[in-house]
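Undergrad: no sequence for this one, just the structure:
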């Protein structure tokens with residue numbers, strides 16, 4: 001029996017007069033369009049509208065879009081289509097295990113229709129199954145940098161046939177100290193390849209990687225770096241530290257939907273999860289002290305509704321892709337103000353509305369200012385009617401400074 005290759009772009013195109021802002025007309029192959037219809041992907045997000053046609057043409061891209069805007073399919077669709085037309089492998093690097101798993105799941109929705117296998121290489125999971133997956137010659141490999149280097153060192157994977165590379169959440173990878181690993185991986189990749197870089201923020205370190213390792217990249221910016229998701233409403237409570245548990249209890253009673261709560265440390269996350277369970281709410285936790293199996297169970301339970309509250313550290317700020325999160329609570333403000341954007345981007349995903357509430361203590365005025373500089377707006381300050389008012393600071397952090405100075409001047413004048 002003879003076999004002939006089939007160009008997936010050679011099939012007849014769909015009828016004319018497609019609806020506005022659909023996946024039609026972006027250069028996507030009909031077979032993938034059928035898959036998108038089947039999984040109910042009908043309206044592309046802005047980053048998908050701009051990035052997909054350029055990526056299908058083989059351009060290098062720097063994609064800047066706030067979190068929760070569909071970046072994964074903006075590179076998954078073009079990668080599958082281009083790999084269906086040529087030999088070689090696609091490689092996606094991601095900063096966290098959870099994000100790598102979710103990227104792999106996105107590819108599993110498209111790639112098998114073209115006979116493509118995938119492999120997901122992450123730390124915290126046994127090497128054996130990953131080696132078996134690599135021996136089946138996957139066309140798409142998603143990996144965290146450290147685990148990919150482990151497999152490269154053992155000759156389990158050869159990267160000399162990578163024709164398409166994606167650096168997803170590149171700024172987060174640098175924040176987590178992956179710069180040396182990324183540089184090492186890039187040295188082993190072919191120079192003749194297509195490179196896509198996607199992120200919510202683009203600091204100068206990321207631009208340096210782009211200048212060094214990309215060829216005439218096209219910048220696709222959907223919103224200014226640091227812009228928060230459009231449909232998220234935000235609220236700030238400035239209160240004493242000892243009042244935070246009581247306010248949390250009131251909010252858990254007030255909001256009926258899924259709640260994602262962020263803690264600054266893993267130890268506090270564990271204490272908070274225990275306290276919330278004692279309040280009578282089903283709760284799971286994700287942090288670095290939890291095994292990969294425990295983290296996956298927590299995330300799946302949160303997705304399915306088994307857990308009302310998911311308590312997480314910033315390890316999950318970019319790795320959680322769950323639709324329908326009603327509320328994000330920043331019980332502790334993040335160490336890095338940039339992470340505020342990624343945290344609250346876990347709600348209001350895929351066109352849905354969402355709300356984000358942050359707790360700040362009086363000594364965190366500078367932290368609040370740093371966040372407001374990044375999001376380019378002031379956080380609205382609120383009080384809760386069921387908590388005694390002396391627990392709250394009466395003004396915003398910025399106003400508090402002015403008030404303190406005014407009080408000081410009044411006292412000086414009084415005692416002259």
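TA: Perfect, I can see it now. These numbers come from a predicted model, not from an experiment.
Undergrad: Okay, helices next: where are they in the stretch 251-400 of the chain?
TA: For the stretch 251-400 of the chain, applying DSSP state H, counting those that start in this stretch gives helices covering 266-278, 292-304, 338-344, 365-375, 397-414.
Undergrad: Out of these, which is closest to residue 89?
TA: With CB to CB as the criterion, residue 89 lies closest to helix 292-304 of these, at 24.4 Å. Heads up, the C-betas are built off the backbone N, CA and C, glycines and all.
Undergrad: ok so, going back, out of the helices of the stretch 251-400 of the chain, deepest packed?
TA: Neighbour counts (mean count of other CB atoms under 10 Å) averaged over each of those peak at helix 338-344, with a mean of 25.
Undergrad: For residue 30, grab phi and psi.
TA: With angles defined as degrees, to the nearest 10, residue 30 sits at phi -50, psi -40.
Undergrad: give me the number of residues near it?
TA: A total of 15 residues lie near residue 30 under the criterion other CB atoms under 10 Å.
Undergrad: looking at the helices of the stretch 251-400 of the chain, which is closest to residue 160?
TA: Between the helices of the stretch 251-400 of the chain, helix 292-304 lies closest to residue 160; by CB to CB that is 29.4 Å.
Undergrad: Which elements pack onto the closest one?
TA: Applying 3 or more CB pairs under 8 Å, 6 or more residues apart in numbering; DSSP states H and E, we find helix 292-304 packed against helix 97-108, strand 283-286, strand 309-312.
Undergrad: now the helices for the stretch 1-150 of the chain?
TA: 30-38, 46-56, 71-83, 97-108, 127-135, 145-153.
Undergrad: what angle sits between the last one and helix 127-135?
TA: The one in question is helix 145-153. Helix 145-153 runs at 70 degrees relative to helix 127-135, counting by axes from the mean of the first three to the mean of the last three CA atoms, to 10 degrees.
Undergrad: Also the third one?
TA: Regarding helix 71-83 and helix 127-135, their directions subtend 40 degrees when assessed with the same axes, to 10 degrees.
Undergrad: for the record, mean pLDDT for helix 71-83?
TA: Per-region confidence: helix 71-83 scores 95 on mean pLDDT.
Undergrad: Report the residue spans of the stretch 251-400 of the chain with pLDDT below the cut-off.
TA: Applying pLDDT under 70 to the stretch 251-400 of the chain flags residues 316-321, 348-352, 388-400.
Undergrad: Please repeat the previous calculation with a cut-off of 80.
TA: Within the stretch 251-400 of the chain, the segments meeting pLDDT under 80 span 315-324, 338, 342, 345-353, 384-400.
Undergrad: related to what we said a few turns ago, which one of the helices of the stretch 251-400 of the chain lies closest to residue 210?
TA: Taking CB to CB, helix 338-344 is the member of those nearest to residue 210, at 18.0 Å.
Undergrad: elements contacting that closest one?
TA: So helix 338-344, by 3+ CB pairs under 8 Å, 6+ apart, packs with helix 170-175, strand 325-330, strand 354-360, helix 365-375.
Undergrad: ok now the last one, how far from the chain's centre?
TA: Which is helix 365-375. Distance, stretch centre to chain centre, for helix 365-375: 21 Å (CA atoms, centre = their mean, to the nearest Å).
Undergrad: do the same with stretch 70-82
TA: So, by CA atoms, centre = their mean, the centroid of stretch 70-82 is 16 Å from its chain's centroid.
Undergrad: again with stretch 248-260
TA: Computed by CA atoms, centre = their mean, the chain-centroid distance of stretch 248-260 equals 23 Å.
Undergrad: Next: stretch 172-189.
TA: For stretch 172-189, the distance to the chain centre is 18 Å (CA atoms, centre = their mean).
Undergrad: start to end distance for that stretch?
TA: Stretch 172-189 has an end-to-end distance of 21 Å (CA to CA, to the nearest Å).
Undergrad: closest to residue 181 out of the helices and strands packed on helix 292-304?
TA: With CB to CB as the criterion, residue 181 lies closest to helix 97-108 of the helices and strands packed on helix 292-304, at 14.0 Å.
Undergrad: Comparing the helices and strands packed on helix 292-304, which comes out most buried?
TA: Taking mean count of other CB under 10 Å, strand 309-312 is the most buried of the helices and strands packed on helix 292-304, at a mean of 27.
Undergrad: That one packs against which elements?
TA: Judged by 3+ CB pairs under 8 Å, 6+ apart, strand 309-312 is in contact with strand 258-262, helix 266-278, strand 283-286, helix 292-304.
Undergrad: between the first one and helix 266-278, how big is the angle?
TA: Spelled out, that is strand 258-262. Interaxial angle, strand 258-262 versus helix 266-278 (the same axes, to 10 degrees): 150 degrees.
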